[in-house]
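Trainee: Below: sequence and its predicted model.
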Amino acid sequence: MIDNILKQIDQEAQAHPNRIAFDHLGQTNTYQELADWSSRVASAIQRLDLNHDVPIMVYGGQTFDMLVAFLGAVKAGHAYIPVDVHSSEQRLQTIIEAAQPGFIICVEPLPIETAVPQLSLTELHEVYHSFPIKQGEDSLHLNDNFYIIFTSGTTGKPKGVQISHCNLLSFVNWMKYDFNFEEKNVLLQPSFSFDLSVMAIYPTLTSGGTLKVLPKETTDNFMSLFSVLPKLALDTWISTPSLIDICLMDQNFNPQNYPQLATFLFCGEELTHATASKLKQRFPAAHIYNTYGPTETTVAVTSVEITDDILAKYARLPIGYVKPETTIFVKSHRNKKGELLIAGPNVSKGYLHNQAKTEAAFFDISGVRVYRSGDLGYFEGKLLFYTGRSDFQIKLNGYRIELEEINHYLSEIPFVKQGVAVPKYDQQGKVKQLIGTVVLKQSAGDELTATHRVKQALSKLVMPYMIPQRFKYYQKLPLSANGKVDIKALITAVNAHD
Amino acid sequence: MDTKKNVMSILEELTGSNLGDKMDVNLFESGLLDSMATVQLVMELEEKCQVSIPISEFNRQEWETPSKIIAKVESLQ
């Protein structure tokens, strides 16, 4: 058991200073650089004399400077807010408004104006060489926030999930205990603003391993993806199931070309039976794990190895056994299916500066924090199964999306009268794409032009993955009994076989 | 001719738009296709146009417009 993430990483750096901590397409950085530079960044941040509970926003891509900035903030006693470079300007504005950061470390130039003081990449690099290493005891207490990750909110205002050092320790100790991270090469694929990245970062860095980065630009072009992947010498794979679906299309993705690859961890969206069985056939000796958890309960709270037995027994795969220290209750009346209530030291204190949303989603039972997940499921013995959502939240390629957030912004577009985003499902019941169903104020020429204009307007308002792939235009949308757009009827309509 | 018809109907199904008069639109830059839709495109082309497209050789620049996709599929047939 470790009792301090920061101390553990610094100990790894002392034990093997020259070991590679971060490998970004062959550009490598050592544990020594991580420990040393982040301590200097911490000194620079302490000179600012910010209030202790003020968070620091870190903006950029999937680079080592981001990681240094995260640890620098935390070593100085401040939570960091990771914000990806692909975020829309509207999202940047709303995050800054909601989080009120005291400082922004801009690893990439910030595209919007703000009064918040900033540090540019050039200045950050100067700090690495000109500032002293921070001395003295840790400034971060166990109950202090370690990071704050923003998720989709129904009203268009993203919610900042506060994860404390305590929350993160509960998660990391479980990962280190149940899965072997010791000195492993671990895939780091998601952006830092997606908490699946946390599953790679802290278990790896507290175990002396190496993070092998697969940047978005590489993944997007399949030819570069498949030329980079075999060179990473991966031991452990962490991704959404969507990425493995792409990889399995390449016959060369097999144990001969990936001899070290022994462990697969999936999270972020449902792992289908089809994907898991195909992977198990391709890598028969590998250990494949399905895991589950909302951001509010620190990355993941259940896991199960998908064996041949499990594949033979269940058509829809279980999401797993509950991790130590954590309890999951199923809230139901008579039968055993219901909303999953998650309790334990891994549960967030709530949403930053948002008491109403916090009180709606969290409560305490005799000093233990509980989160109402909105996920529906049931237990079979100790094994947990997921059956769906109680609201209009969906997962698309691992991204958590509130459909109502997209609807909110669609309806803000001046030439759109009404707009609702609905999921289109594949045969496995997984969301394949989003379809925008729109009523225009006046005819906007041909549909392609209209679609182009809607997509352009949305790109300034929401994250790229929230923009519907396709649009359908209607004279009017179906209404439910209470006069609101009948989202369920639209979902049925777009999924009808034609 | 059949190839063109097949490709255009696959693209229409994936993007929700008839691209008949936009043969040179960049499907990736315009946001019409993301990486998951690209996977579907490859699978549909293999099935409906009887070609084999090794995904590890799928260079996006060679498939970025409807015209380029048709030419590429024809060269593989």
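Mentor: Noted; the coordinates are in hand.

Trainee: From here on, just use CA atoms for contacts and neighbour counts.
Mentor: Fine.

Trainee: List the contacts of residue 23.
Mentor: Chain wasn't specified; assuming chain A. Residues near residue A:23 by C-alpha atoms under 8 Å, 6 or more residues apart in numbering or on different chains: A:29, A:210-213.

Trainee: Actually, chain B is the one I wanted.
Mentor: B:65-67.

Trainee: If you rank those residues by neighbours, which is first?
Mentor: residue B:66 (21 neighbours; other C-alpha atoms under 10 Å in any protein chain shown).

Trainee: Touching, it and residue B:28? I think so.
Mentor: No. Between residue B:66 and residue B:28 there is no contact under C-alpha atoms under 8 Å: 11.0 Å.

Trainee: how near is the residue of chain B most remote from its centre to chain A?
Mentor: Distance from the C-alpha centroid of chain B, by C-alpha atoms, centre = their mean, peaks at residue B:56 (16.0 Å). Distance of residue B:56 to chain A, given as C-alpha to the nearest C-alpha, to the nearest Å: 5 Å.

Trainee: Need the three-state assignment for that residue.
Mentor: With DSSP: H, G, I helix; E, B strand; the rest coil as the basis, residue B:56 sits in helix.

Trainee: dump the residue contacts of it.
Mentor: A:222-227, A:250.

Trainee: just those that are near chain B?
Mentor: Residues of the contacts of residue B:56 in contact with chain B (C-alpha under 8 Å from any C-alpha of the partner chain): A:222-227, A:250.

Trainee: biggest separation within the contacts of residue B:56, which pair?
Mentor: A:224 and A:250 (12.8 Å; C-alpha to C-alpha).

Trainee: Tell me who's in contact with the most centrally placed residue in chain B.
Mentor: Closest to where the C-alpha atoms of chain B average out (C-alpha atoms, centre = their mean) is residue B:69, at 4.7 Å. Contacts of residue B:69 were listed using C-alpha under 8 Å, 6+ apart, and they are B:7, B:62-63.

Trainee: Quickly list what residue A:424 is bridged to.
Mentor: Beta-bridge partners of residue A:424, counted by DSSP bridges, are residue A:433.

Trainee: hang on, the earlier thing: can you flag the buried ones in the ones next to chain B among the contacts of residue B:56?
Mentor: A:222-226 (16 or more other C-alpha atoms under 10 Å in any protein chain shown).

Trainee: which residues touch stretch A:200-219?
Mentor: A:5, A:8-9, A:12, A:19-25, A:62, A:172-173, A:175-176, A:181-191, A:224-225, A:228-229, A:232, A:234, A:238.

Trainee: Restrict that stretch to CA atoms and write it as PDB.
Mentor: The C-alpha coordinates for stretch A:200-219 follow below in PDB (Å, rounded to 0.1, in the frame of the first residue of the first chain):
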ATOM      1  CA  ALA A 200      -2.500   4.700 -17.100                       C
ATOM      2  CA  ILE A 201      -0.700   7.700 -15.400                       C
ATOM      3  CA  TYR A 202      -0.600   7.000 -11.700                       C
ATOM      4  CA  PRO A 203      -0.500   3.200 -11.500                       C
ATOM      5  CA  THR A 204       2.400   3.300 -14.000                       C
ATOM      6  CA  LEU A 205       4.400   6.200 -12.400                       C
ATOM      7  CA  THR A 206       4.100   4.800  -8.900                       C
ATOM      8  CA  SER A 207       5.400   1.400 -10.200                       C
ATOM      9  CA  GLY A 208       8.500   2.600 -12.100                       C
ATOM     10  CA  GLY A 209       6.900   1.900 -15.500                       C
ATOM     11  CA  THR A 210       6.900   3.900 -18.800                       C
ATOM     12  CA  LEU A 211       4.000   5.700 -20.300                       C
ATOM     13  CA  LYS A 212       3.900   5.100 -24.100                       C
ATOM     14  CA  VAL A 213       1.900   7.800 -25.700                       C
ATOM     15  CA  LEU A 214      -0.300   7.300 -28.700                       C
ATOM     16  CA  PRO A 215      -1.200  10.900 -29.700                       C
ATOM     17  CA  LYS A 216      -4.600  11.600 -31.300                       C
ATOM     18  CA  GLU A 217      -3.000  12.700 -34.600                       C
ATOM     19  CA  THR A 218      -1.300   9.300 -34.900                       C
ATOM     20  CA  THR A 219      -4.500   7.300 -34.000                       C
END
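
Trainee: What is the burial count for the residue of the stretch 1-150 of chain A found nearest chain B?
Mentor: Nearest residue of the stretch 1-150 of chain A to chain B: residue A:86, at 13.7 Å (C-alpha to the nearest C-alpha). If you count neighbours by other C-alpha under 10 Å, residue A:86 ends up with 14.

Trainee: Could you check how far it is from residue A:463?
Mentor: Relative to residue A:463, residue A:86 is positioned 7 Å away (C-alpha to C-alpha, to the nearest Å).

Trainee: How about residue A:18?
Mentor: 38 Å.

Trainee: One more: residue A:157?
Mentor: 13 Å.

Trainee: which secondary structure element contains residue A:199?
Mentor: helix A:196-205 (DSSP states H and E).

Trainee: Tell me the first helix or strand C-terminal of that helix.
Mentor: strand A:210-213.

Trainee: ok, that next one: who's next to it in the sheet?
Mentor: According to DSSP bridges, strand A:210-213 has these partners: strand A:20-24 (parallel), strand A:185-188 (parallel).

Trainee: can you redo those as CSV with mean pLDDT?
Mentor: Converted to CSV, the strands paired with strand A:210-213 look like this (pLDDT from 0 to 100):
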stretch, mean pLDDT
strand A:20-24, 98
strand A:185-188, 98
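
Trainee: Can you give me the neighbour number for the closest residue to residue A:50 other than its chain neighbours?
Mentor: In space, and not counting its chain neighbours, residue A:50 is closest to residue A:102: 6.7 Å by C-alpha to C-alpha, 6 or more residues apart in numbering or on different chains. If you count neighbours by other C-alpha under 10 Å, residue A:102 ends up with 20.

Trainee: Could I get the phi/psi values of residue A:102?
Mentor: phi -90, psi -10 (degrees, to the nearest 10).

Trainee: tell me the contacts of it?
Mentor: Contacts of residue A:102 by C-alpha under 8 Å, 6+ apart are A:50, A:54-56, A:116-117.

Trainee: repeat that for 10 Å
Mentor: A:48-51, A:53-57, A:78, A:96, A:115-118 (C-alpha atoms under 10 Å, 6 or more residues apart in numbering or on different chains).

Trainee: repeat for residue B:76
Mentor: Applying C-alpha under 10 Å, 6+ apart, the residues contacting residue B:76 are B:49-53, B:70.

Trainee: Test for you: state the pLDDT assigned to it.
Mentor: Residue B:76 is assigned 90 on the pLDDT scale.

Trainee: Same question for residue A:443.
Mentor: pLDDT at residue A:443 comes out at 67.
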